[in-house]
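Q: what would the 3D arrangement of this be:
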Amino acid sequence: MSVLTPPLTPVTDAGAAQAAPTASGRRGWGALTAGAVGVGVLALVSLFVGVADVSVVDVLTGRADYELIAVSRIPRTLALVLAGAGLAVSGLIMQLLTRNVFVEPSTAGTLDFATLGLLACALFWPDAPIAAKMVLGTAFALVGTGLFLRILKVVPLKDVLIVPLVGIMLGGVVGAFATFIAYRTDLIQSLNAWTTGDFSAVIAGRMELLWVAGALVVVAAVTADRFTVAGLGEAFTTNLGLDYRRTMAIGMTVVAVTSATVVITVGALPFLGLVVPNVVRAVIGDNARRSVPWVALLGAGLVLACDLVARLVVHPFEMPIATVLGIVGAAVFLVLLARRGRRG
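A: Prediction:
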């Protein structure tokens, strides 16, 4: 009898092994839901912050200015969420493809090339429709991202910090050239609007382009594993049966289109794609498929929070959100450098 009866310990261990992933998955979904609720609360607060007084009581009692909410507050809040999620996920994709945690659109020259494309459009096609501006900005951003990746293949990369330095120098050269052209053609004011992120002018009819960035976040979530594999190198990717060049092209296109749409709509948002993926990576690791929803949520939440700070610090006036993001991003960048120095 005792011989035929299997021991109970292995059965219990197997049950625990099967239950552990389920419990972990439930905790993960619970945390993700809590994060989404937090972003929703920030978005709700954003609807009631501004020069014009709009309160929850006014909305509930029917005394609120619903036209103001529909034309200004809701479009601005949606723009904050879409731009934050899109640029944060773009930073994650660039870090996966370059295998460098210090790379994102603003440290790879992508945003600078997109701005140069808008400047070229303003010079040679001043009355171009918004779709044409997006196409030209995307084309320049693609060229800039491709040039950056090409330089990385030529320059000996003895240190991980060389990669963002190359991108910053490339962006600096392009930015200086764009500033010179804008100065000679009296377009400095337009150039400043493209290079300084600001949501104060976002109203209904001027933010719909950002839905493209939101759609690309979904694309990134679906293809996240491919970007992870492509980041391991062409030989390894090919051995696994994945088209390396096609995957790189998809990743570059997602980054370029997202960068162009954000620059056209609200201007450049620095360090967003650098800060958010690194914070998420420090908490949940390098699993790209798990990271994308968290990166999108944290990116949207960070932009919402920085926008609230920009609107409240000098109320009733408003600071450009790029100023607040620049301070936060620079501080986190220095912390990352310090941590890496201690590990070294």
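
Q: low-confidence ranges in the stretch 201-344 of the chain?
A: Applying pLDDT under 70 to the stretch 201-344 of the chain flags residues 340-344.

Q: what do you get if the cut-off is 90, keeping everything else the same?
A: Within the stretch 201-344 of the chain, the segments meeting pLDDT under 90 span 201-209, 219-252, 264-265, 267-272, 274-275, 279, 281-291, 312-320, 322-323, 326-344.

Q: chain center to stretch 223-232: distance?
A: Computed by C-alpha atoms, centre = their mean, to the nearest Å, the separation of stretch 223-232 from the middle of its chain amounts to 17 Å.

Q: please apply the same query to stretch 114-121.
A: In terms of C-alpha atoms, centre = their mean, the gap separating the centre of stretch 114-121 from the centre of its chain is 20 Å.

Q: quick one: contacts of that stretch?
A: 128, 132-133, 136-141, 144, 174-175, 177-178, 181-182, 187, 190-191, 194-195, 256, 259-260, 263-264, 268 (C-beta atoms under 8 Å, 6 or more residues apart in numbering). Any C-beta I mention is one placed from the backbone N, CA and C, and that applies to glycine too.

Q: from those, which land in helices?
A: The helices, defined by DSSP state H, take in 132-133, 136-141, 144, 174-175, 177-178, 181-182, 190-191, 194-195, 256, 259-260, 263-264 from the contacts of stretch 114-121.

Q: ChimeraX command to pick out the buried ones of these?
A: Those of the ones in helices among the contacts of stretch 114-121 that count as buried under 16 or more other C-beta atoms under 10 Å are selected in ChimeraX with:
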select :133,136,137,138,139,140,141,144,174,175,178,181,182,191,194,195,256,259,260,263,264
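
Q: show me where the stretch 101-250 of the chain has helices.
A: 110-124, 130-154, 162-184, 188-195, 210-222, 224-230, 234-239, 244-265 (DSSP state H, counting those that start in this stretch).

Q: okay, these in a markdown table with distance to Gly50 next?
A: Converted to a markdown table, the helices of the stretch 101-250 of the chain look like this (distance: least, C-beta to C-beta, whole Å):
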| stretch | distance to Gly50 |
| --- | --- |
| helix 110-124 | 27 |
| helix 130-154 | 25 |
| helix 162-184 | 31 |
| helix 188-195 | 20 |
| helix 210-222 | 20 |
| helix 224-230 | 36 |
| helix 234-239 | 48 |
| helix 244-265 | 19 |
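
Q: just tell me which of the ones you listed ends up closest to Val295.
A: Closest to Val295 of these, according to C-beta to C-beta: helix 210-222, at 8.8 Å.

Q: tell me the angle the closest one makes with helix 244-265.
A: Put simply, helix 210-222 runs at 150 degrees to helix 244-265, going by axes from the mean of the first three to the mean of the last three C-alpha atoms, to 10 degrees.

Q: which positions within helix 210-222 qualify as buried?
A: Using 16+ other C-beta under 10 Å as the test for burial, helix 210-222 gives 210, 212-214, 216-217, 219-221.

Q: could you do stretch 99-111 as well?
A: Neighbour-count burial for stretch 99-111 flags 100-111 (criterion: 16+ other C-beta under 10 Å).

Q: hmm, which two among the residues you listed are most spread apart?
A: Between any two of these, the greatest separation by C-beta to C-beta is 18.5 Å, found for Val101 and Leu111.

Q: show me which of the buried residues of helix 210-222 is closest to Ala310.
A: Nearest to Ala310 among the buried residues of helix 210-222 is Leu210, at 18.2 Å by C-beta to C-beta.

Q: the residue nearest to Val174 when sequence neighbours are not counted and Gly301: what is the separation?
A: Spatial nearest neighbour of Val174, chain neighbours left out: Asp112 (4.3 Å); criterion: C-beta to C-beta, 6 or more residues apart in numbering. Relative to Gly301, Asp112 is positioned 26 Å away (C-beta to C-beta, to the nearest Å).

Q: more neighbours, those two?
A: Neighbours per residue (other C-beta atoms under 10 Å) separate Asp112 from Gly301, with Asp112 holding more: 29 against 24.

Q: that one contacts Thr179, doesn't it?
A: No: Asp112 lies out of contact with Thr179 (C-beta atoms under 8 Å); the separation is 10.4 Å.

Q: how far away is Leu152 from Asp225?
A: Applying C-beta to C-beta, one obtains 23 Å for the distance of Leu152 from Asp225.

Q: looking at those two, which one has more neighbours?
A: Looking at Leu152 and Asp225 with other C-beta under 10 Å, you find the greater number of neighbours at Leu152, namely 17 against 12.
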